[in-house]
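Asker: next input, structure requested:
(2 chains)
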Amino acid sequence: MKTQGLFSRTMLAFGFVFLYVPIISMIVYSFNDSRSVTVWNSVTSPTLKWYGRLFGDDQILSAAWLSIKVAAMSASGAVVLGTLAGLVLSRFGPFKGRALLQGLTTAPLVMPEVITGLSMLLLFVSLEQLLRAAFGWQFDRGVTTITIAHITFTMAYVTVVVQSRLASFDDSLEEAALDLGARPARVFFRITVPLILPAILSGWLLAFTLSWDDLVVTQFVSGPGSNTLPMVIFSRVRLGVSPVVNALASLMVLVVALGVILSAVLMRRQEQRRKREEQMAAAG
Amino acid sequence: MKLSVARTATRDAPGRLGPLWTFLFRYGPPRWTEYVLRNWSGQRLVIGVPYLWLLLFFLVPFLIVLKISFAEFSPLGRPPYEPVFRWLEEGAVQVKLLIGSYVYLLNEPLYVSSWLYSIKVAFFSTIFCLMLGYPMAYAIARSSPTYRNVFLMLIILPFWTSFLLRVYAWIGLLKNDGVINNMLMAVGVIDEPIAMMNTSFAVYIGIVYSYLPFMILPLYSNLEKHDLTLLEAASDLGAGPVKAFMRITLPQSMPGIVAGSLLVFIPAVGEYVIPSLLGSSDQLMIARLLSDEFFLNRDWPKASAVAIAMLLLLVVPIMIFQRFQNKELEAQKR
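Answerer: Okay, the predicted model is just below:
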């Protein structure tokens, strides 16, 4: 056992180096004065020059704002639909078409993005033709189509998170409430939702991140003039490295790290409080 | 008058849906609302909403892709393909299915080679992820609870940051005048920079780097549940650590290995961003061909045929993944 533990621990250390060296190097070079990202200019560095440029870059700022809007809308839509799907799959027992629904909710998790993107775009094109032929309606691809596409592939993640949370406790509380005469909708909002709230919140955050980060599906379904942040970054990065992108990436890592650490601390505090209460209950 | 009597008789039927529905029912258009309210309990509505969404925005799109993959390419059309179904004057439907796009996929050397390349890259990336991810997951699962949470957080943290930017970070490291080459030259290991950007090596690095958390997390959640007394028993009975691992830990962790590998392999076959940023333009992966066919050549039928072929290739792994996913959920219930 000793040698095995040593081997796996070495691999763990190596793995963390592998995971974090690129991120750290990206952050370090965001403070570099030289335009060429990789040659450290030790005379004038570190500098906040690129951060200044970033906040003067209207293209990036407006794309970021659009991405935030799209991600917030998609995450909210995905949470509603995903929670319903998770509830149906774990609480409604067998019904006609349950297997298909299960398949439809897990398939987007692994579906290659180009396929999802292409199929969504072709759907929107067909809808466009149909609506024009039937009602004379005209709609342009843009924020709406991006949001619909993002809801569709992110709701799968919410469903999985909610479903596994619902599977972790039985439905005795819900049944008790039903026995006491509460209507199903009331049971859902008063009992089920508070119980699965952590799953709903993490599902929302997950959906937000995935939508905020998505490039491929968005490229397919977006229209002219609706460039999200990943699209702008991708087009810049294809032309070569740019220190402004480094600065942007560093800020994003900072926000994510703060968020993850904060949530870990909060969770730990809650856990400790729960333990203390249990102890007090046991003592008293 | 007769009609109003009939309406009063059914008026109270949907009463438990609340006053709003009763109101709508009383004053709304009679026939179909009556039907909907009587037959659609709240439960059906709850099932119906996500179901309809997924049917409309996930299943129907695939049927459209399937249809267009059999259409004829018309470069100047808007949209650029001939209709598959056409209404004839006598009320009949003309159906025109062409398998030209599929035949092309099988015969064009560029396509065949990029298929093989995509599968090769996805396969070996999965192996590399497993080789690195398994020991990592093992070490995390066997560490003390305090460290365990920190380690898990460190695994998940990159996952929350932008995927695109994490791939971008490698450009700065792998370039000819990048960090790695500069360091190696400064130390004196090499005199000339090693070309690492725009090679298969860079694509492997990028895929392993991006998908590693997807391998580690299912493996961890499997390894964490193992009963360690089995290993003690094995060692009491005289099995060495290697034998105990091969006979006990490894077989038990198969579900985790399969789940993690599929989570890496399936998306890696269709990976677009990583090869576009890090790979060479001589050897394209299949997703890039699809996107070029669609955006550059505007050949929608061919792009659709590529998508369908990719789906056919991945349908078996996807089904296996779904079965594992369901089993996992069932196991949680117990």
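Asker: what is the end-to-end distance of stretch B:290-310?
Answerer: Counting by C-alpha to C-alpha, to the nearest Å, you get 10 Å between the two ends of stretch B:290-310.
Asker: residue boundaries of the strands in chain B?
Answerer: Per DSSP state E, chain B has strands spanning B:85-87, B:93-95. These are given in chain order.
Asker: and A:A71, how many neighbours does it have?
Answerer: 24 (other C-beta atoms under 10 Å in any protein chain shown). Every residue, glycine included, has its C-beta placed from N, CA and C.
Asker: quick one: the helix or strand hosting it to chain centroid distance?
Answerer: In this assignment (DSSP states H and E), A:A71 forms part of helix A:58-91. Centroid displacement of helix A:58-91 relative to its chain, using C-alpha atoms, centre = their mean, to the nearest Å, is 8 Å.
Asker: flag every buried residue along whichever helix or strand comes after that helix.
Answerer: Remark: after helix A:58-91, the chain's next helix or strand is helix A:98-110, criterion DSSP H and E. Neighbour-count burial for helix A:98-110, with 16 or more other C-beta atoms under 10 Å in any protein chain shown as criterion, is recorded at A:101-110.
Asker: so which of the strands of chain B comes closest to chain A?
Answerer: strand B:85-87 (12.0 Å; C-beta to the nearest C-beta).
Asker: now that closest one: mean pLDDT?
Answerer: Mean pLDDT, computed over strand B:85-87, is 75.
Asker: ok, stretch A:63-70 next?
Answerer: 95.
Asker: and that stretch, anywhere near chain B?
Answerer: No - Stretch A:63-70 is not in contact with chain B by C-beta under 8 Å from any C-beta of the partner chain; minimum separation 10.3 Å.
Asker: give me the contact list for that stretch.
Answerer: A:143, A:146-147, A:150, A:211-212, A:226-232 (C-beta atoms under 8 Å, 6 or more residues apart in numbering or on different chains).
Asker: keeping just the C-alphas, turn it into CSV.
Answerer: C-alpha atoms of stretch A:63-70 as CSV (Å, rounded to 0.1, in the frame of the first residue of the first chain):
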residue,chain,number,x,y,z
ALA,A,63,-20.0,41.6,-25.7
ALA,A,64,-19.5,40.9,-22.0
TRP,A,65,-22.7,42.7,-21.1
LEU,A,66,-24.6,40.7,-23.8
SER,A,67,-23.2,37.5,-22.5
ILE,A,68,-24.2,38.3,-19.0
LYS,A,69,-27.8,39.0,-20.1
VAL,A,70,-28.0,35.8,-22.2
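Asker: can you put the strands of chain B in a markdown table and add mean neighbour count?
Answerer: Output for those, formatted as a markdown table (neighbours: other C-beta atoms under 10 Å in any protein chain shown):
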| stretch | mean neighbour count |
| --- | --- |
| strand B:85-87 | 11 |
| strand B:93-95 | 10 |
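Asker: for the residue in the stretch 151-300 of chain B that chain A sits nearest to, what are its contacts?
Answerer: Closest to chain A within the stretch 151-300 of chain B is B:G270: 2.3 Å, counting by C-beta to the nearest C-beta. By C-beta under 8 Å, 6+ apart, B:G270 lies in contact with A:112-115, B:118, B:286-287, B:310, B:314.
Asker: and the lowest-mean-pLDDT helix or strand in chain A, what does it pack onto?
Answerer: Within chain A, no helix or strand scores below helix A:184-187, which has a mean of 79 by mean pLDDT, DSSP states H and E. Counting contacts by 3 or more C-beta pairs under 8 Å, 6 or more residues apart in numbering or on different chains; DSSP states H and E, helix A:184-187 packs against helix A:172-179, helix B:42-54.
Asker: does chain B sit close to the first one?
Answerer: It refers to helix A:172-179. No - Helix A:172-179 is not in contact with chain B by C-beta under 8 Å from any C-beta; minimum separation 12.3 Å.
Asker: show residues contacting that helix.
Answerer: Against helix A:172-179 from outside (C-beta under 8 Å, 6+ apart): A:91, A:184, A:186-187, A:190-192, A:195.
Asker: re the thing from before, B:L130 is nearest to which of the helices and strands packed on helix A:184-187?
Answerer: In terms of C-beta to C-beta, the element of these nearest to B:L130 is helix B:42-54, at 31.7 Å.
Asker: buried ones in the closest one, by neighbour count?
Answerer: B:46-47, B:50-51, B:53-54.
Asker: what angle do it and helix A:58-91 make?
Answerer: Interaxial angle, helix B:42-54 versus helix A:58-91 (axes from the mean of the first three to the mean of the last three C-alpha atoms, to 10 degrees): 140 degrees.
Asker: list the contacts of helix B:42-54.
Answerer: Residues outside helix B:42-54 that contact it (C-beta under 8 Å, 6+ apart) are A:81-82, A:84-85, A:87-88, A:92, A:95, A:97, A:101, A:104-105, A:151-152, A:155, A:159, A:184-185, B:17, B:40.
Asker: how does it look with 7 Å?
Answerer: Residues from elsewhere that reach helix B:42-54 (C-beta atoms under 7 Å, 6 or more residues apart in numbering or on different chains): A:81, A:84-85, A:87-88, A:92, A:95, A:101, A:104-105, A:184-185.
Asker: and if you look at stretch B:244-254?
Answerer: Under C-beta under 7 Å, 6+ apart, the answer for stretch B:244-254 is A:4, B:219, B:222-223, B:226, B:230-231, B:234-235, B:239.
Asker: and it, how far from the chain's centre?
Answerer: Worked out by C-alpha atoms, centre = their mean, stretch B:244-254 lies 28 Å from the chain centre.
Asker: between the two ends of it, how far is it?
Answerer: Span of stretch B:244-254 from end to end, C-alpha to C-alpha: 15 Å.
Asker: any idea how far the residue lying closest to B:A234 once chain neighbours are set aside lies from A:G82?
Answerer: Excluding its sequence neighbours, the residue lying closest to B:A234 (C-beta to C-beta, 6 or more residues apart in numbering or on different chains) is B:A244, at 4.1 Å. Using C-beta to C-beta, to the nearest Å, one gets 42 Å for the distance from B:A244 to A:G82.
Asker: just want the residue of chain A that's nearest chain B.
Answerer: Per C-beta to the nearest C-beta, A:P112 is where chain A lies closest to chain B, at 2.3 Å.
Asker: quick check: closest non-adjacent residue to that residue.
Answerer: Using C-beta to C-beta, 6+ apart, the closest residue to A:P112 is B:G270 (2.3 Å).
Asker: and that neighbour, how far is that from B:R288?
Answerer: 10 Å.
Asker: cool, A:S34 as well?
Answerer: Applying C-beta to C-beta, the value for A:S34 to B:R288 is 32 Å.
Asker: quick one, which of these two is more surrounded?
Answerer: The neighbour count for A:S34 versus B:R288, taken as other C-beta under 10 Å, is higher for B:R288 (20 against 16).
Asker: buried stuff in stretch A:90-97?
Answerer: Buried, per 16+ other C-beta under 10 Å, within stretch A:90-97: A:90-91.
Asker: what's it in contact with?
Answerer: Contacts of stretch A:90-97 (C-beta under 7 Å, 6+ apart): A:163, A:166-167, A:171, B:43, B:47.
Asker: then that stretch to PDB, C-alphas only?
Answerer: This file holds the C-alpha atoms of stretch A:90-97, laid out as PDB (Å, rounded to 0.1, in the frame of the first residue of the first chain):
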ATOM      1  CA  SER A  90     -37.700  11.200 -10.000                       C
ATOM      2  CA  ARG A  91     -41.200  11.600  -8.500                       C
ATOM      3  CA  PHE A  92     -43.900  10.900 -11.100                       C
ATOM      4  CA  GLY A  93     -43.200   7.100 -11.300                       C
ATOM      5  CA  PRO A  94     -43.600   5.300 -14.600                       C
ATOM      6  CA  PHE A  95     -45.600   7.000 -17.300                       C
ATOM      7  CA  LYS A  96     -45.800   6.800 -21.000                       C
ATOM      8  CA  GLY A  97     -42.800   8.200 -22.700                       C
END
